[in-house]
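Peer 1: Let's see this in three dimensions:
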Amino acid sequence: MTEFGTLLRNLRVAAGMSLGELARQTNYSKGQVSKIENGHTRPSAGFARLCDNVLGTGGALAAAVRPAPRRAEQAPPEDVWVLELDEDGTLRYSEMPRRQVLAGAGALLGYAMTRSARPAIDDRTFTVLRGSFDQHRQLGTMTSPSLVIGQVIAHLHTLRTLALDNPEPMRTELVLLAARVAEYAGWMSQEAGREADALRWTDRAVRIAAEHDPHLATFALIRHAEIALHRQDPAGTIELAQRAQQDRTAGPRILGLAARCEAQGHALAGDVSSCEDALDRSAALLAVREQNGQPVLGAASVPDDLALVRGLALFDLGRPREAAELLDRQMLVIPPTARRARARFGVRRALAHAQDGEIEQACLATREVLADVAVVDSATVRIQLRELNRTLNRWRNHPAVGELQGELLPLLR
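Peer 2: Here you go, the predicted structure:
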């Protein structure tokens, strides 16, 4: 990383800042910064973001250290072939992860064998079917996605089969609910670290709802943007989020979520003004309450997740102290049952404290969410946890860090 070190030195000298002052303001030792400048130590993305903020270099250093965006994963070899219901009501074989087969394929095969019953669905029955999906979503906030995906896929197959057997207007109601269930299967797949499945289920949701909810295709762009963000691809995140906002007929929630995702892309790119502008637009749009009777799109387990996302953006902009202060306040309003949100934002809060040099507070914040991290089993959270572990390793001789790292290692596997 000699090129990065040279760039850092040139930008530091141009800003009139000494090596020691840069070290002080980034909470690194002078020796560590010197090794990075001389190409002897590989810089972390967090260090680059901190330097961008201190030197006012607008994300230039973060861009220099950022790896090339990862490609979407391929389906792993343990996938198996199972029966699946196609759009026209026929059964076909399709690849599906082995862990999803027992619940999803088993329910589908049993239902295919009894379709001659042609069950009629009335409003009360539909309410129960909708309630079942709400329960799956609630379960997804507090446990591993591997325990939820199979049930969600089984529910999806049930809804689509029922839609084929029922007349209008119930058929449309069942199709719309099935599309939301497929979209949620995509979200849980993303949390399980299976990007290929996440994209496949999201795109399936768009096809299911094509005739009845064209705006779901717009929301799918947001899901694709989130996956780009997960890959540390700010340009891809911004481009997809802005494409979603071109659909001016979409509801305020979809447009607000798109603007929020755009803001995160700008933060990752180090563009402060564009990030703040997108956050302001998102806040105005998400303040509008929609009443369309459909399950809400996106996460809904936290009262004000935009404030939490603002904290994530501040962290990505290399402003860990401001991020930690905001996340400290906002963590207090996350319900104890929203364990996935607690894990996601709690680990980033701990990381913000660590990058700010507040090691005792970082270890305390980590301990507060260790149980949540363990039960939700999120691939997204594990990435942040690894970065936290690397950051804390700079203070490996600190007693609190030594005690904590022994508890972190099992969660990183």
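Peer 1: and Thr57, helix, strand or coil?
Peer 2: What DSSP: H, G, I helix; E, B strand; the rest coil gives for Thr57 is coil.
Peer 1: what's it in contact with, if anything?
Peer 2: Leu11, Cys51, Gly270 (CB atoms under 8 Å, 6 or more residues apart in numbering). (Each C-beta comes from the backbone N, C-alpha and C, glycine too.)
Peer 1: now it: how far from Leu7?
Peer 2: Distance of Thr57 to Leu7, given as CB to CB, to the nearest Å: 9 Å.
Peer 1: swap in Ala287?
Peer 2: Per CB to CB, Ala287 is found 41 Å from Leu7.
Peer 1: got it, and Ala374?
Peer 2: 40 Å.
Peer 1: next one: Phe345
Peer 2: Relative to Leu7, and taking CB to CB, Phe345 is found at 32 Å.
Peer 1: ditto for Gln25
Peer 2: For Gln25, the distance to Leu7 - CB to CB - is 18 Å.
Peer 1: quick one, which of those two is more surrounded?
Peer 2: More crowded of Gln25 and Leu7, by other CB atoms under 10 Å: Leu7, with 19 against 14.
Peer 1: Tell me which residues touch the residue nearest to the more buried one when sequence neighbours are not counted, please.
Peer 2: Nearest residue to Leu7 in three dimensions, chain neighbours excluded: Ala64, at 5.7 Å (CB to CB, 6 or more residues apart in numbering). By CB under 8 Å, 6+ apart, Ala64 lies in contact with Glu3, Phe4, Leu7, Ala48.
Peer 1: mind running it again at 10 Å?
Peer 2: Met1, Glu3, Phe4, Thr6, Leu7, Leu8, Leu11, Pro43, Ala48, Asp52, Thr57 (CB atoms under 10 Å, 6 or more residues apart in numbering).
Peer 1: just checking, which of those belong to helices?
Peer 2: Under the assignment DSSP state H, the contacts of Ala64 contribute Glu3, Phe4, Thr6, Leu7, Leu8, Leu11, Ala48, Asp52 to helices.
Peer 1: Let me have these in CSV, extended by pLDDT and distance to His157.
Peer 2: CSV is the format used below for the ones in helices among the contacts of Ala64 (pLDDT from 0 to 100; distance: CB to CB, whole Å):
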residue, pLDDT, distance to His157
Glu3, 87, 52
Phe4, 89, 50
Thr6, 89, 57
Leu7, 90, 53
Leu8, 89, 54
Leu11, 89, 56
Ala48, 89, 46
Asp52, 90, 48
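Peer 1: so how far is stretch 364-378 off the chain centroid?
Peer 2: 16 Å (CA atoms, centre = their mean, to the nearest Å).
Peer 1: gap between the two ends of stretch 240-249?
Peer 2: End-to-end distance for stretch 240-249: 17 Å, by CA to CA, to the nearest Å.
Peer 1: And for that stretch, what's in contact with it?
Peer 2: So stretch 240-249 is in contact with 214-215, 217-229, 233, 250, 254-266, 278, 281, 285, going by CB under 10 Å, 6+ apart.
Peer 1: buried stuff in it?
Peer 2: Leu240, Ala241, Gln242, Ala244, Gln245, Asp247 (16 or more other CB atoms under 10 Å).
Peer 1: could you dump the helix or strand where Cys261 lies to PDB, C-alpha only?
Peer 2: In this structure, Cys261 sits in helix 252-269 according to DSSP states H and E. What follows is helix 252-269, C-alpha atoms only, in PDB (Å, rounded to 0.1, in the frame of the first residue of the first chain):
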ATOM      1  CA  PRO A 252     -43.500   8.400   0.000                       C
ATOM      2  CA  ARG A 253     -42.200   5.400   1.900                       C
ATOM      3  CA  ILE A 254     -40.500   3.900  -1.100                       C
ATOM      4  CA  LEU A 255     -39.100   7.200  -2.200                       C
ATOM      5  CA  GLY A 256     -38.000   8.000   1.400                       C
ATOM      6  CA  LEU A 257     -36.200   4.600   1.800                       C
ATOM      7  CA  ALA A 258     -34.500   5.200  -1.600                       C
ATOM      8  CA  ALA A 259     -33.300   8.600  -0.500                       C
ATOM      9  CA  ARG A 260     -32.100   7.100   2.800                       C
ATOM     10  CA  CYS A 261     -30.100   4.500   0.900                       C
ATOM     11  CA  GLU A 262     -28.700   7.100  -1.400                       C
ATOM     12  CA  ALA A 263     -27.500   9.100   1.700                       C
ATOM     13  CA  GLN A 264     -25.600   6.000   2.900                       C
ATOM     14  CA  GLY A 265     -23.900   5.700  -0.500                       C
ATOM     15  CA  HIS A 266     -22.800   9.300  -0.400                       C
ATOM     16  CA  ALA A 267     -21.500   8.800   3.200                       C
ATOM     17  CA  LEU A 268     -19.500   5.800   2.100                       C
ATOM     18  CA  ALA A 269     -18.100   8.000  -0.700                       C
END
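Peer 1: Show me which positions of stretch 137-157 end up buried.
Peer 2: Buried residues in stretch 137-157, defined by neighbour count with 16+ other CB under 10 Å: 137, 139-142, 144-145, 147-157.
Peer 1: Now intersect those residues with the helices, please.
Peer 2: Using DSSP H, the buried residues of stretch 137-157 in helices are Arg137, Leu139, Gly140, Ile149, Gly150, Gln151, Val152, Ile153, Ala154, His155, Leu156, His157.
Peer 1: Now tabulate the residues you listed in a markdown table and tack on pLDDT and distance to Pro399.
Peer 2: Output for those, formatted as a markdown table (pLDDT from 0 to 100; distance: CB to CB, whole Å):
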| residue | pLDDT | distance to Pro399 |
| --- | --- | --- |
| Arg137 | 92 | 41 |
| Leu139 | 92 | 38 |
| Gly140 | 92 | 37 |
| Ile149 | 92 | 41 |
| Gly150 | 90 | 43 |
| Gln151 | 92 | 44 |
| Val152 | 94 | 44 |
| Ile153 | 93 | 47 |
| Ala154 | 92 | 49 |
| His155 | 93 | 49 |
| Leu156 | 93 | 50 |
| His157 | 90 | 53 |
